[in-house]
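Have a look at this prediction, sequence included:
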Amino acid sequence: MAVLVLGDQLNLDHGPVANADRVVMMEARAFARRRAYHPHKLTLVFAAMRQFRDQLRERGTTVDYYGCETFAEGFDTHFERRPGDELVVMEPPTYGATDRLRELVHERGGHLNVVDNALFISSRSEWEQAFGDREPPYRHEEFYRVMRRETGFLMTDGDPVGGEWNYDEENRQFPGEAYEPPEPPRFEPDKTTREVAAWVRSLSGSYDTDPPGPGWADPEPFFWPVTREEAVEALEKFVDARLAEFGPYQDAMLADEWALNHALLSSALNIGLLHPREVIEAVITAARERPDTPLNSVEGFVRQVLGWREFMRHVYRKGMPQLASANQLGADRELPELYWTGDTDMACLSDVVDGVRQRGYSHHIERLMILSNFALLYGVEPDQLNEWFHAGYVDAYHWVTTPNVVEMGSFGAGLFATKPYAASANYVNRMSDYCSGCDYYHTKDSGEGACPFNSLYWDFLARNEERLRDNHRMGLVYSHLDDKRGEELDAIRERASEVRRLAEDGDL
Ligand code: SF4
């Protein structure tokens, strides 16, 4: 029996690989051409796989490592060498992947045993505890509390540490002008990673995706962790230098600080280099050793990893396949070209897209309140936005982006979002330093120079009134819309049409 290790399961200590004598891995290169993936994403996954292969061999494990175009081709070679081989694999989180693997193995006379994925903390049982047979919407807070109780993280005698489950209110601060966050860690690529990066560069021009390949990106030198040792170092550096101020500034956006105090661990977590449980334990241990670490920072981090990340995986499991194409608002516009080029005078959107082009990354509030918010207001088809996130980010996988982008960002399905995350320039101005350096006026709703977020926001509310007006969480904003009816709203909607025209022409 051998363990089949997939590219997002690169962990030596959890799951069947921990005791494996023989491992099978497939570097299926057609994956690289399936989407216009960011070069850093491709370098990360393929380099981490090769590094993991080498670590397994150093440990004395036999590794059948196949460089192949597709899994089908890799399995052809494998079962010619080892007819009737028995494989065991951890259940991949991507919809349909288990069935596809079974089919490929069985067609070639092999056996495939699928076991639980040990790289998540929760199982179906925690989800059942929280929601049983209930219909959506599913509330994250209920799931999170079950997870806290089940794991005992941040709990004392059955109650949440500090007396509250959630310290979000304390996590919306904006740093003063003199604030300088710690430098984000960067890892120098070794020979293996450099070889992969060179291969990724050589791929340009061999794509039939739209846009054609990763040429849309403007990558800075690769720096993401690709080995277990580097990932652990990144975790230690976060805990030592960034954790204390992670909480208060987690929703802030600064033009010159792409990382702020964010953990930058998601790319390593999502391919298995770090286990979510060890990441949480490291944070809680550090807070215990340094009692001045703010509880709102610790709880905010634990909620993201123990709560949100696990919740997303289950929402995806429950919602697929319908979730991928969900579009309850009927948004049908093309994703504007500026998402690929960053070419816009909108200071916020331009800076965040440029960051994605350079690093395959932006932090969570930029993803939600700049990128998704703009697409939502503009009326982009959710699936198109999902594709963009999936291609663009180093930490993106279908199970991650689909619930975050289609449901939360685009209000696609009503599985857990109880209202759209729609905001005008007011929000951006409050939580960032972008507006002061922008060509657009954040206080203006209509006419020349008016911030596109504003006209699109009111136009979005007007366009979707039938669907949203009765939502009790939208009552206040609709009363504000009522105040604008007449000439004011007409002018705003005219400006929204102009904004769309400018975006289509590449002149926004
Ligand atoms: Fe963004 Fe509008 Fe502010 Fe410019 S004025 S930075 S476009 S929110």
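Everything's here; your move.

Tell me the residues of the protein that contact the ligand?
The chain has residues 346-348, 425, 428-429, 434-435, 438, 440, 442, 451-453 near the ligand, with proximity defined as Cβ under 6 Å from any ligand atom. The C-beta positions use only the backbone N, C-alpha and C, and glycine is treated the same way.

do that again at 5 Å, thanks
Applying Cβ under 5 Å from any ligand atom, we find that the chain lies next to the ligand at 346-348, 425, 428, 434-435, 438, 440, 442, 451, 453.

Now, these that are in helices?
Among the residues of the chain next to the ligand, the members found in helices (DSSP state H) are 347-348, 425, 428, 453.

Throw the residues of the chain next to the ligand into JSON lines and include neighbour count, thanks.
Compiled in JSON lines, the residues of the chain next to the ligand are given as follows (neighbours: other Cβ atoms under 10 Å):
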{"residue": "Met346", "neighbour count": "25"}
{"residue": "Ala347", "neighbour count": "20"}
{"residue": "Cys348", "neighbour count": "29"}
{"residue": "Ala425", "neighbour count": "27"}
{"residue": "Val428", "neighbour count": "25"}
{"residue": "Tyr434", "neighbour count": "23"}
{"residue": "Cys435", "neighbour count": "19"}
{"residue": "Cys438", "neighbour count": "22"}
{"residue": "Tyr440", "neighbour count": "23"}
{"residue": "His442", "neighbour count": "21"}
{"residue": "Cys451", "neighbour count": "26"}
{"residue": "Phe453", "neighbour count": "29"}
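
Export the residues you listed as a markdown table, with columns for distance to Leu377.
Shown next, in a markdown table, are the residues of the chain next to the ligand (distance: Cβ to Cβ, whole Å):
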| residue | distance to Leu377 |
| --- | --- |
| Met346 | 12 |
| Ala347 | 17 |
| Cys348 | 13 |
| Ala425 | 11 |
| Val428 | 12 |
| Tyr434 | 16 |
| Cys435 | 16 |
| Cys438 | 17 |
| Tyr440 | 14 |
| His442 | 15 |
| Cys451 | 11 |
| Phe453 | 7 |
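
follow-up on the earlier one: dump the ones in helices among the residues of the chain next to the ligand into JSON lines; add pLDDT as well.
Output for those, formatted as JSON lines (pLDDT from 0 to 100):
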{"residue": "Ala347", "pLDDT": "97"}
{"residue": "Cys348", "pLDDT": "97"}
{"residue": "Ala425", "pLDDT": "97"}
{"residue": "Val428", "pLDDT": "96"}
{"residue": "Phe453", "pLDDT": "97"}
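
where exactly do the strands run in the stretch 101-250 of the chain?
111-115, 155-156, 159-160 (DSSP state E, counting those that start in this stretch).

Reformat those as JSON lines; add mean pLDDT.
What follows is these, written out as JSON lines (pLDDT from 0 to 100):
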{"stretch": "strand 111-115", "mean pLDDT": "97"}
{"stretch": "strand 155-156", "mean pLDDT": "95"}
{"stretch": "strand 159-160", "mean pLDDT": "95"}
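
Report pLDDT for the nearest residue to Thr94 once chain neighbours are set aside.
Closest residue to Thr94 apart from its sequence neighbours, by Cβ to Cβ, 6 or more residues apart in numbering: His398 at 5.1 Å. Looking at His398, its pLDDT reads 96.

if I look at His398, how far off is Gly163?
38 Å (Cβ to Cβ, to the nearest Å).

Pretty sure Cys68 sits against Met25.
No: here Cys68 lies out of contact with Met25, judged by Cβ atoms under 8 Å, at a distance of 10.5 Å.

from the chain's centre, how far out does the helix or strand of the chain with the lowest mean pLDDT sit?
Every helix and strand of the chain was ranked by mean pLDDT, DSSP states H and E. The lowest is helix 31-34, at a mean of 84. In terms of Cα atoms, centre = their mean, to the nearest Å, the centre of helix 31-34 is found 19 Å from the chain centre.

what's the answer for stretch 311-327, then?
14 Å.

What count of nearby residues applies to the closest residue to Pro294 other than its chain neighbours?
Distances taken as Cβ to Cβ, 6+ apart put Gly247 closest to Pro294, at 5.7 Å, once the chain neighbours are dropped. Gly247 is flanked by 24 other residues according to other Cβ atoms under 10 Å.

mind showing which ranges of the stretch 301-450 of the chain have poor pLDDT?
For the stretch 301-450 of the chain, no stretch has pLDDT under 70.

Helices along that one, start to end?
Secondary structure of the stretch 301-450 of the chain (DSSP state H, counting those that start in this stretch): helices at 310-319, 338-341, 347-359, 364-366, 373-378, 382-392, 398-401, 425-431.

So which of those helices is the most surrounded?
helix 373-378 (a mean of 26; mean count of other Cβ atoms under 10 Å).

helices or strands next to that one in the packing?
On a contact count with 3 or more Cβ pairs under 8 Å, 6 or more residues apart in numbering; DSSP states H and E, helix 373-378 meets helix 452-463, helix 487-505.

Deepest-packed of the ones you listed, please.
helix 452-463 (a mean of 23).

still on that earlier bit, separation between the residue nearest to Thr94 and Leu6?
Between His398 and Leu6 the distance is 13 Å, computed by Cβ to Cβ.

residues shared between the contacts of the two?
Residues touching both His398 and Leu6 by Cβ atoms under 8 Å, 6 or more residues apart in numbering: none at all.

returning to what we had before: quick one: name whatever helix or strand follows the least confident helix or strand of the chain.
helix 39-59 (DSSP states H and E).

pLDDT on that next one, on average?
Per-residue scores along helix 39-59 average to 96.

Could you do stretch 462-478 as well?
94.

circling back to that earlier point, who are the packing partners of the least confident helix or strand of the chain?
Looks like helix 31-34 contacts helix 39-59 (3+ Cβ pairs under 8 Å, 6+ apart).

Give the buried residues for the helix it packs on.
39-53, 55-56 (16 or more other Cβ atoms under 10 Å).
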